[in-house]
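**Student:** A predicted structure for the sequence below; I have some questions about it.
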Amino acid sequence: PSVPAAASECGNQEPPRSNAGTSSSTRVGTGSRRATVPRPGFAAQRVRISPTSSHSTSPRAHAGEGDGYNSADESSSWSATPGFEEDEDKESHFEIELRRVKGFEVRRMVPDGNCLFRAVADQVYGDPEMFGETRQMCIDYMERERDHFSQFITEGFTTYCKRKRRDKVYGNNLEIQAMAEMYNRPIHIYSYSTDPINIFHGQYETDLPPIRLSYHRRNHYNSLHDPSRPAVGAGLGFGSLRGNNVDRDQVKAAIRAQQDQQIENALLAEGRFYSDLELTEQEIERMVMEASRAEYLAEEHHRQITHSSEETSSSAAGGPSSSGVSLTDSAAINRSSNVRVLLSMGFSYFRVMEACSIFGDDVNNMLCYLLETEALKGESMYRMKGKAAE
């Protein structure tokens with residue numbers, strides 16, 4: 001495909017076209033997170049371009065000469081259309097139709113390269129000047145979800161995020177998707193139509209109202225407000241607020257709470273990872289111990305069989321001894337009875353046989369041994385049955 005020309009002014013990427021109201025969500029990778037796969041128009045983002053083949057709309061001073069940006073990342077294939085930027089009639093008609101059909105009012109953002117983040121901040125916090133916090137939180141989220149978002153970036157992911165943190169560096173579809181997930185609100189993009197040309201979905205199904213943005217001249221975002229249904233503050237822990245009555249302290253508190261929640265979620269995920277690791281190590285240790293016990297019991301059983309065979313041979317050679325037979329039978333019956341008692345208390349067969357091989361017919365020592373070893377394993381005494389619990 002031909003290399004798109006450089007964007008002018010705000011320079012945001014054209015949102016990928018799709019049927020209005022359709023979802024582009026799918027599962028990516030092994031996790032359960034909900035993600036968006038680029039659609040037609042976003043495919044060019046997977047092609048690396050040379051710095052000499054196009055002019056990026058981001059400051060070139062921040063990148064090496066050998067580094068290329070994502071091709072559709074910060075440039076627009078429409079920006080070179082003659083006379084398009086001067087088509088004020090089309091802009092006016094677009095705003096009138098939005099007001100007539102949808103009841104939306106266009107709130108204009110400063111075209112300084114921060115327009116995407118200004119528009120989202122205006123929708124979420126009621127204050128477009130909070131674009132800096134919105135930008136940083138967005139990139140923080142992308143870095144935490146690196147495994148997903150890095151799939152759609154052809155340059156180094158760390159370099160990409162570092163550039164996107166800078167003031168007046170333009171946002172695009174990746175940032176829009178990240179913010180949809182971060183705020184868990186769908187983002188609807190309107191461009192010269194009363195139906196959204198694109199819908200970005202959050203991670204989970206939600207009843208929260210969408211974030212509505214308008215896309216102008218193929219390089220600039222504005223914020224769309226519905227005066228009859230204000231949605232500022234939705235999903236931040238306090239009710240929707242009207243734009244003129246937004247308490248900045250309350251909004252800042254909500255941002256801090258959201259950041260704290262994101263940090264807490266990251267710590268919980270890390271804690272679960274190490275807990276799983278410890279459990280795995282304990283399970284491996286338990287399996288090794290069980291294997292060692294089984295091997296010991298097998299050897300002990302073989303030794304007892306050999307010893308019993310030798311005694312039988314000796315008895316046959318020396319003649320029958322009624323007293324010897326009687327003692328042997330009595331010991332076997334007593335041992336079998338002890339085994340049944342311990343098994344009825346809830347101990348495993350291997351543990352009981354291990355204790356039996358060590359202490360013979362001494363059921364009290366066998367019971368003490370089993371209880372002590374169970375306690376060393378960290379298992380609760382309340383799991384034992386009958387007299388074992390006592």
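**Tutor:** Great, that's in hand. Because the structure is predicted, anything quoted here is derived from the model rather than measured. Numbering: from 1, shown residues only.
**Student:** Every contact and neighbour count from this point should use C-alpha atoms.
**Tutor:** Will do.
**Student:** so the closest residue to Ser193 other than its chain neighbours is in which element?
**Tutor:** Once flanking residues are discounted, Ser193 sits nearest to Phe94: 7.0 Å by Cα to Cα, 6 or more residues apart in numbering. Per DSSP states H and E, Phe94 falls inside helix 88-97.
**Student:** Can you name the next helix or strand after that helix?
**Tutor:** As assigned by DSSP H and E, the chain's next helix or strand after helix 88-97 is strand 105-107.
**Student:** Break this structure down into its domains, please.
**Tutor:** Domain ranges of the chain: 25-246, 332-390, per automatic domain parsing.
**Student:** hmm, back to that, and the average pLDDT for the helix holding Phe94 is what?
**Tutor:** Helix 88-97 shows an average pLDDT of 93 in the prediction.
**Student:** In terms of secondary structure, what does that helix contact?
**Tutor:** Judged by 3 or more Cα pairs under 8 Å, 6 or more residues apart in numbering; DSSP states H and E, helix 88-97 is in contact with no other helix or strand.
**Student:** Next, the buried residues of it.
**Tutor:** Phe94, Glu95, Ile96 (16 or more other Cα atoms under 10 Å).
**Student:** can you check stretch 162-176 too?
**Tutor:** Buried residues in stretch 162-176, counted by 16+ other Cα under 10 Å: 163-166, 168-176.
**Student:** repeat for stretch 279-299
**Tutor:** Those buried within stretch 279-299 under the rule 16+ other Cα under 10 Å are Arg293, Ala294, Leu297.
**Student:** What about those, which are in helices?
**Tutor:** Of the buried residues of stretch 279-299, the ones assigned to helices by DSSP state H are Arg293, Ala294, Leu297.
**Student:** ok, those vs Ser337, which is closest?
**Tutor:** Using Cα to Cα, Leu297 is the member of these that sits closest to Ser337, with 19.1 Å.
**Student:** And the helices in the stretch 201-350 of the chain?
**Tutor:** 248-318, 322-344, 349-359 (DSSP state H, counting those that start in this stretch).
**Student:** among the ones you listed, which gets the worst mean confidence?
**Tutor:** Looking at the helices of the stretch 201-350 of the chain, the bottom one is helix 322-344 with a mean of 65.
**Student:** Am I right that the residue nearest to Ser193 is in contact with Tyr192?
**Tutor:** Yes: counting by Cα atoms under 8 Å, Phe94 does reach Tyr192; the two are 5.3 Å apart.
**Student:** and Leu224, what does it touch?
**Tutor:** When contacts are counted by Cα atoms under 8 Å, 6 or more residues apart in numbering, Leu224 touches Phe104, Glu105, Val106, Arg107, Gln123, Arg212, Leu213, Ser214.
**Student:** nearest spatial neighbour of the second one, skipping sequence neighbours?
**Tutor:** With sequence-adjacent residues excluded and distances taken as Cα to Cα, 6+ apart, Glu105 is closest to His225, at 5.2 Å.
**Student:** Check the third one too.
**Tutor:** Setting aside the residues directly before and after it, Val106 is nearest to Leu224 in space (Cα to Cα, 6+ apart), at 4.8 Å.
**Student:** Tell me which stretches of the stretch 51-200 of the chain form strands.
**Tutor:** Using DSSP state E, counting those that start in this stretch, the strands of the stretch 51-200 of the chain run over 105-107, 187-190, 198-200.
**Student:** pretty sure Gln123 contacts Tyr221?
**Tutor:** No: Gln123 is beyond contact range of Tyr221, at 12.0 Å (criterion: Cα under 8 Å).
**Student:** Looking at those two, which is more packed in?
**Tutor:** Under the neighbour definition other Cα atoms under 10 Å, Gln123 and Tyr221 were set side by side, and Tyr221 has more, 31 against 26.
**Student:** give the contact list for that one.
**Tutor:** Asn12, Met109, Cys115, Leu116, Ala119, Leu213, Ser214, Tyr215.
**Student:** residues in contact with the closest residue to the fifth one other than its chain neighbours?
**Tutor:** The one in question is Ala119. Counting by Cα to Cα, 6+ apart, Ser223 is the residue found nearest to Ala119 once chain neighbours are left out, at 4.8 Å. Shown in contact with Ser223 (Cα under 8 Å, 6+ apart): Val106, Arg107, Arg108, Met109, Ala119, Val120, Asp122, Gln123, Arg212, Leu213, Ser214.
**Student:** ok, so of those, who is nearest Ser336?
**Tutor:** Using Cα to Cα, the shortest approach to Ser336 within the contacts of Ser223 belongs to Val120, at 76.7 Å.
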